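In: predicted model and sequence follow; I will ask about them next.
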2 protein chains.
Amino acid sequence: MNATIHRIGRDAEPSLDPLIALVAADMNLVNQVILDRMQSQIPLIPELAGHLIAGGGKRMRPMLTVASAKLLGYPGNRHHKLAATVEFIHTATLLHDDVVDGSDLRRGKRTANLIWGNPASVLVGDFLFSRSFELMVEDGSLKVLKILSNASAVIAEGEVNQLTAARRIDLGEERYLEIINAKTAALFAAACRIAAVVAERPEAEEAALDAYGRNLGIAFQLVDDAIDYVSDAGTMGKDAGDDFREGKMTLPVILAYSRGNDEDRAFWKEAVLGRRVSDADFAHAVSLVQSSRAVDDTLARARHYGQRAIDSLGMFPGSAAKDAMIEAVEFAVARAY
Amino acid sequence: MNATIHRIGRDAEPSLDPLIALVAADMNLVNQVILDRMQSQIPLIPELAGHLIAGGGKRMRPMLTVASAKLLGYPGNRHHKLAATVEFIHTATLLHDDVVDGSDLRRGKRTANLIWGNPASVLVGDFLFSRSFELMVEDGSLKVLKILSNASAVIAEGEVNQLTAARRIDLGEERYLEIINAKTAALFAAACRIAAVVAERPEAEEAALDAYGRNLGIAFQLVDDAIDYVSDAGTMGKDAGDDFREGKMTLPVILAYSRGNDEDRAFWKEAVLGRRVSDADFAHAVSLVQSSRAVDDTLARARHYGQRAIDSLGMFPGSAAKDAMIEAVEFAVARAY
């Protein structure tokens, strides 16, 4: 028997559609839980939460919970409530992120903090976070509770880490990876892992799904970082240059700074302090990340993590779910091309 | 055998000291958990959290968990970790409250949001909240998790309710009580109730301790509201007039408005819109709440809830713990005199 080797980049035009089709029926049930459980007698809560929850997000994390459950042939329905839990945690994080960053656009729409103000965004985020724990407690698995409460603490720690790293040109790739591991990848990992818990699979399969989610999450984030320096307006609801104008430390900046000459470094130092926000500045930044191959190598790093995500599925037999999860990785890393 | 009747107001000079003495040894252990578990590799987290946690709070809620455990003769130590959990939830709430209110002083000290900024306060609050759930999960009681996750959701809902009620002169006493029930009393109730859970006592004792905490919490809040219109600077770390100048809707305002003539009402309408912030305005407000007996009756309401708190302990046999818990109620309602 031949080895089954899936090399990343095999698919010419990878798509998220197989994953979406795979989970569609379950996601209807997940969405029902989300809509039911974001209700409150205080009208502002569903109003504000619904703005973001109904606002065109891909629901990537709950989709991963559902897809992982499919991969394992899980016949039950506990994962619907838990997938909703994961989306609530994510939504709470986004609400607080937008307050912290003072963002006014997300996914091409005005942010909740812009419409309802920072106080409402902070408090509705707290509500969704608390509600997510209520849902987990209803499910009743201490193991799931441990995974998701730990992920939540790691995310919050990562957010504080990122805050203290803000505008620090000397951040370095290692610390940056620590941050996105905590901020982004931890919840991707938990979303996948909990499917193995409800399906009562051995620890090795839990760990494999954790690794799939974690590496996919890192790849996603790195490609998002790269897109800021290459895409036309509108990709993923982000405009090119948003990160740059906010002085965000991302891997393209870290690499371009590290590889640049004194003049380039002076430019980047000014940029992360928010003093280079014109279109000409952004054009110069793009030329620097291109000439230093910083974007290419950010994408190469993303492919590395994407390959690890794919290989982490090696222990699972071939299935439509596995194919869709592999293609989702391909899609994630191909978005910037 | 005679009935045991404790009428509130019996103690001439009630003190919190018996409660503090009762729980002192346990509170050392609780404080150790708090200090251990607010640590993080991200220095900003213990720095900011420690500012508030070490900052002169009475630790009323964890003291209530410990006192309730004493009342029940609980011989174990699970309540130390859970008391720390309660304090983390409370601290997270305070951090977010100060952001929401834009406060610059708490307990006579500069607020964390003033020193480190709103983003750090939001994120460290999230961390403490997540960490509190991790601690609960370590304890491993789904019943405790249910009580505290529900309390957290109720608190968040109450905060949003209060936000939407802000500067609404027509709030009314019923809705105001709903808000403080959720914002303040729910965590007092949960702090007491979980002691009965770890001590494995019957539901009726759980409910009794819940009622003790809830009524004490309401009484505390009402007296805090009254103090704003009577105290000299410094009581409870609050200055007289703080609530007034922030246009906060509290029971003294609700009663004075409801009992006032057209001219008084016009004044209160302006005040809650933040247009009456001078010393003369505050002096006028004090004269209105006095002449309308709004402060007296706020305190009468507080005594009503205090009496209910005391009576809820009726099923427990006499003990030093019970006496201390009763005197704590007396202390709570006597603070304004």
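Out: Alright, I've got the coordinates.
In: and after the lowest-mean-pLDDT helix or strand in chain A, which helix or strand comes next?
Out: When each helix and strand of chain A is scored by mean pLDDT, DSSP states H and E, strand A:105-106 comes last, with a mean of 82. Moving toward the C-terminus from strand A:105-106, the next helix or strand (DSSP states H and E) is strand A:109-110.
In: partners of that next one, with directions?
Out: strand A:105-106 (antiparallel) (DSSP bridges).
In: contact partners for the nearest residue to residue A:320 once chain neighbours are set aside?
Out: Sequence neighbours aside, residue A:22 is the residue nearest to residue A:320 in space, at 6.4 Å (criterion: C-beta to C-beta, 6 or more residues apart in numbering or on different chains). The way it works is simple: take the backbone N, C-alpha and C, and place the C-beta from them, glycine included. Counting by C-beta atoms under 8 Å, 6 or more residues apart in numbering or on different chains, residue A:22 touches A:66-67, A:70, A:320-321, A:324.
In: could you flag which of those residues are buried?
Out: Buried members of the contacts of residue A:22, scored by 16 or more other C-beta atoms under 10 Å in any protein chain shown, are A:66-67, A:70, A:321, A:324.
In: of those residues, which pair is most distant in space?
Out: Among those, the pair separated by the greatest distance (C-beta to C-beta) is A:66 and A:324, at 10.7 Å.
In: show me what contacts residue A:156?
Out: So residue A:156 contacts B:123-124, B:126-127, B:129-130 (C-beta under 8 Å, 6+ apart).
In: from the residues you listed, which land in helices?
Out: Applying DSSP state H to those, the entries found in helices are B:123-124, B:126-127, B:129-130.
In: as CSV, these with pLDDT and distance to chain A would be great.
Out: Output for the ones in helices among the contacts of residue A:156, formatted as CSV (pLDDT from 0 to 100; distance: C-beta to the nearest C-beta, whole Å):
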residue, pLDDT, distance to chain A
B:123, 97, 5
B:124, 96, 6
B:126, 97, 4
B:127, 97, 4
B:129, 97, 7
B:130, 97, 4
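In: ok, back up a step: closest to residue B:88 out of the buried ones among the contacts of residue A:22?
Out: Checking those against residue B:88 with C-beta to C-beta, the nearest one is residue A:66 at 32.3 Å.
In: thinking that closest one is in contact with residue A:83, fair?
Out: Yes. Judged on C-beta atoms under 8 Å, residue A:66 makes contact with residue A:83 at a distance of 5.7 Å.
In: list residues touching both of the two?
Out: A:26-27, A:30.
In: and the residues you listed, which is closest to chain B?
Out: residue A:30 (19.8 Å; C-beta to the nearest C-beta).
In: element containing the closest one?
Out: Under the criterion of DSSP H and E, residue A:30 resides in helix A:17-37.
In: so residue A:67 sits right up against residue A:321, yeah?
Out: Yes. Counting by C-beta under 8 Å, residue A:321 is a contact partner of residue A:67 at 5.9 Å.
In: against chain B, how distant is residue A:243?
Out: Noted for residue A:243: a distance of 17 Å to chain B, by C-beta to the nearest C-beta, to the nearest Å.
In: ok, the residue in the stretch 201-337 of chain A that chain B sits nearest to - contacts?
Out: Closest contact between the stretch 201-337 of chain A and chain B, by C-beta to the nearest C-beta, is at residue A:246 (13.0 Å). Going by C-beta under 8 Å, 6+ apart, residue A:246 touches A:101, A:274.
In: for the helix holding residue A:30, buried residues please.
Out: Residues A:18-20, A:22-23, A:26-27, A:29-31, A:33-34, A:37 are the ones in helix A:17-37 that count as buried (16+ other C-beta under 10 Å).
In: quick one: the helix or strand following it near chain B?
Out: Note on helix A:17-37: by DSSP H and E, the next helix or strand toward the C-terminus is helix A:44-53. Yes. Applying C-beta under 8 Å from any C-beta of the partner chain, one finds helix A:44-53 in contact with chain B at A:44-45.
In: okay then, goodbye and thanks.
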